[in-house]
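J.: I would like to see how this sequence folds:
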Amino acid sequence: MSIPQSGGGPIESHAQLAEFLEAGCKPREDWRIGTEHEKFGYCRDTLRPLPYEGERSILAVLSALRDRFGWSELTEGGKLIGLEKDGANISLEPGGQLELSGAPLETIHQTCDEVNQHLEEVKSVSDRIGVGFIGLGAAPIWRHEDMPLMPKGRYRLMDGYMQQVGEMGTAMMRRTCTVQVNLDFSSEADMVQKLRVSLALQPLATALFSNSPFFEGRPNGFKSWRANIWQHLDADRTGMLPFVFEDGFGFEAWADWVLDVPMYFVYRDGVYINALGQSFRDFLKGELPALPGETPLLSDWADHLTTVFPEARIKQFMEMRGADGGPWRRLCALPALWVGLLYDQTALDAAWDLVKGWDAETRDEMRLVAARDGLAGQVGGISMLELAGQVLEIAEAGLRARARPGAGGLVPDETHFLNALKESVASGQSPADELLEHYHGDWDGDLSRIYAEFSY
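T.: Sure, this is the predicted structure:
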């Protein structure tokens, strides 16, 4: 979850909203890769989720990471709620999920090194206190009342609001985990093509990375329960955004859509001010009920941009949001997939050719089917499994064309990071299918075994 933004003067004209987005444009040589991944922490003896405070807690893990590995602390209201070092952040999701927001890096080799180091550090400190961490798209057993709400003002506001809109907002906040990749664009036209491809193919990412077939102790009928949850909360700020595919779409159209998304808060002097349901358009006119007479700062706009949750979104970069949290290999595979598709123009054009004929109804149906059926899904004449094979071929060609070596030049490119996904296509199975086989087979319905066998 995003941290509060800072900097930037007052917004004096509507044009500044789109200009803020456009300021993210970078030349190709400056494009970077930022990977985010979340994981659930639990007490190894009880298999219960971690509280914020105590001997075995989120606070204990954060404090140990700070003290042993040189992270700087981030606090709110006197509470330790995150860490930062070398362009990376460790933060807390609402239910105590631990998130690494990685530094912007040049290659997937570097991304995977970052992932490895982070998980080694977390395991080192958690082993000492009897804590484990597991990567899944949704908490398999825990109920809402089991999950503590972390001491962050943003989350207190969101938690109350989520109970008023949609059906599953609080479940999303407390009981889901994702892996995301953040990528750059060079121009408005480049952003438009990348966002269209990204939105159209997010259901495929959902299918490939589906890893949440359990909820509250039993199979739930979905391969990605996390993706199903996102389909049943706050329609004002989620979805597949058909307007992105309309003629004339660009930064201005995105800004106009975000303007009409109800606000959550305004951040001032370390305090989250309740602006739930209020209008950023009123804020621009100095008529926001939460701060009458004040007009917004650019940092307020940057904060508001973090409160929209479609399947892919733009800020001053682009975020891919369709994948479940999962095992180690897939933490490196997700950036490999999207970098291969989006960072080579030939691959990007091929991906667009693949999806440009789909209409809004097809894209929406793919989103529904991917959550339920994963790689076994079918929409019209489109087989999710066959589509996955086609898309991976394009991504592999894109990574080969990038030709970014690793391991001191011994590895010629980044294509091997796709191997986990290629194995899924060969077998027709995502992680969710593997978990279900265990549940109905050697686990004999004992879901508690997931912790010992699938933790980091």
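J.: pLDDT averaged over stretch 395-410 - what is it?
T.: The average of the pLDDT scores along stretch 395-410 is 96.
J.: Using PDB, list the CA coordinates for that stretch.
T.: C-alpha atoms of stretch 395-410 as PDB (Å, rounded to 0.1, in the frame of the first residue of the first chain):
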ATOM      1  CA  ALA A 395       7.400 -12.200 -23.800                       C
ATOM      2  CA  GLU A 396      10.400 -14.500 -24.300                       C
ATOM      3  CA  ALA A 397      11.200 -12.900 -27.600                       C
ATOM      4  CA  GLY A 398      11.000  -9.500 -26.000                       C
ATOM      5  CA  LEU A 399      13.400 -10.500 -23.200                       C
ATOM      6  CA  ARG A 400      15.800 -12.100 -25.700                       C
ATOM      7  CA  ALA A 401      15.800  -8.900 -27.800                       C
ATOM      8  CA  ARG A 402      16.500  -6.900 -24.600                       C
ATOM      9  CA  ALA A 403      19.600  -9.100 -24.200                       C
ATOM     10  CA  ARG A 404      20.300  -8.000 -20.600                       C
ATOM     11  CA  PRO A 405      23.000 -10.400 -19.200                       C
ATOM     12  CA  GLY A 406      23.300 -11.600 -15.700                       C
ATOM     13  CA  ALA A 407      25.700 -13.600 -13.400                       C
ATOM     14  CA  GLY A 408      28.700 -11.600 -14.700                       C
ATOM     15  CA  GLY A 409      27.800 -12.200 -18.300                       C
ATOM     16  CA  LEU A 410      27.400 -16.000 -17.900                       C
END
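J.: mind listing what's buried in that stretch?
T.: 395-400, 402, 404, 406 (16 or more other Cβ atoms under 10 Å). C-beta coordinates here come from the backbone N, C-alpha and C atoms, glycine included.
J.: Going by distance to Asn220, which of those residues wins?
T.: The nearest member of the buried residues of stretch 395-410 to Asn220, counting by Cβ to Cβ, is Ala395 at 29.6 Å.
J.: packing partners for the helix or strand that contains the closest one?
T.: According to DSSP states H and E, Ala395 maps onto helix 384-402. If you count contacts as 3 or more Cβ pairs under 8 Å, 6 or more residues apart in numbering; DSSP states H and E, helix 384-402 packs onto helix 188-208, helix 328-342, helix 345-355, helix 360-373, helix 419-427.
J.: Now do the third one: which elements does it pack against?
T.: If I follow you right, that is helix 345-355. helix 188-208, helix 328-342, helix 384-402.
J.: Check the fourth one too.
T.: Helix 360-373 sits against helix 188-208, helix 225-230, strand 378-379, helix 384-402, with contacts defined as 3+ Cβ pairs under 8 Å, 6+ apart.
J.: Right, I'll call it a day here.
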